[in-house]
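J.: Provided below are the primary sequence and the corresponding predicted coordinates.
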Amino acid sequence: MRIDVVSIFPEYLAPLELSLIGKARQDGLLDLHVHDLRDFTTDKHRSVDDTPYGGGAGMVMKAEPWAQALASLTEARRDGVARPVLIVPSPAGERFTQALAYELAEEDQLVFACGRYEGIDERVIEWAEDHFTVRPMSLGDYVLNGGEVAVLAMVEAIGRLLPGVVGNPDSLVEESHSDGLLEYPVYTKPASWRERDVPAVLLSGNHGKIAQWRRHEQYRRTAERRPDLLETFDAGKLPRADRTF
Ligand SMILES: N#Cc1c(-c2ccc3cc[nH]c3c2)n[nH]c1N
């Protein structure tokens with residue numbers, strides 16, 4: 001998979017050089033490029049924003065630098081290759097979920113447009129529809145100052161699903177949200193710690209009972225902390241955790 005990220009703060013994406021995603025890039029499992037939007041400006045001040053039509057506080061990101069930047073990422077498209085997906089982080093976007101992470105992990109190319117200020121001129125999104133599959137996407141119902149933090153989260157959630165990125169693919173199966181429920185509690189040595197003992201079933205060696213206990217804990221936790229997920233789970237609308245790439 002190829003991922004391109006466009007931002008006026010490319011250094012914000014430096015954490016993608018570290019840890020699991022950084023190693024995936026070094027191993028050639030993920031081809032990730034970060035681009036500075038200001039490199040696509042033509043004025044001496046490298047301007048990327050201007051005042052909003054209709055008035056109001058703040059500034060809006062100008063259309064032309066974005067069109068130049070995004071066009072540079074599709075020109076090399078070969079015939080017959082799927083359209084790249086343009087993900088525009090936005091509090092007004094569809095909610096990013098584990099199911100969407102699985103879906104996006106199957107794409108050939110993802111392009112992330114990190115907005116700042118009050119957002120990107122809407123005509124960029126309209127223009128981009130002719131070149132990309134455009135998906136405004138939100139990390140959650142709270143407000144950030146720009147798209148970079150959301151991109152860090154989305155790239156990690158998607159990148160870790162790519163073949164070969166995590167050491168043991170089995171670990172992807174039993175984690176929160178992979179099967180529609182929250183994950184069960186985990187324990188390690190010592191068996192007794194500050195007068196708190198590991199649940200006896202986990203020391204029993206009875207794998208059937210352990211699996212049963214873990215499943216019950218998933219249900220209990222989900223009912224307690226995220227009853228909304230239980231409605232989805234019970235309706236059978238599970239994220240595709242069974243998918244093998
Ligand atoms: N994704 C996402 C976001 C944002 C967000 C994204 C882009 C910009 C550009 C200016 N302000 C932004 C906020 N806020 N909250 C989320 N869940």
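T.: Sure thing, it's come through. Residues are numbered from 1 along each chain as shown.
J.: enumerate the residues of this protein near the ligand.
T.: Applying C-beta under 6 Å from any ligand atom, we find that the chain lies next to the ligand at 89-91, 115-116, 119, 138-140, 142-147, 150. In short, each C-beta sits where N, CA and C put it, glycine included.
J.: buried ones in stretch 60-69?
T.: 60, 61, 62, 63, 65, 66, 67, 69 (16 or more other C-beta atoms under 10 Å).
J.: low-confidence ranges, the chain, go.
T.: 75-80, 235-245 (pLDDT under 70).
J.: what segments of it are strands?
T.: 2-7, 31-36, 49-50, 60-61, 85-95, 109-113, 133-138, 192-193, 196-197 (DSSP state E).
J.: who's in contact with the fifth one?
T.: Spelled out, it's strand 85-95. Residues outside strand 85-95 that contact it (C-beta atoms under 8 Å, 6 or more residues apart in numbering) are 70, 100, 104, 107, 109-115, 119-120, 125, 128, 131-144, 147, 150-151, 154.
J.: 7 Å instead?
T.: Contact partners of strand 85-95, identified using C-beta atoms under 7 Å, 6 or more residues apart in numbering, comprise 70, 104, 107, 110-115, 119, 125, 128, 132-139, 143, 147, 150-151, 154.
J.: what pairs with it, parallel or antiparallel?
T.: strand 109-113 (parallel), strand 133-138 (parallel) (DSSP bridges).
J.: buried residues in the lengthiest helix in the chain, which are they?
T.: Determined from DSSP state H, the single longest helix within the chain is helix 207-225. Residues 210, 213, 214, 217, 218, 221, 222 are the ones in helix 207-225 that count as buried (16+ other C-beta under 10 Å).
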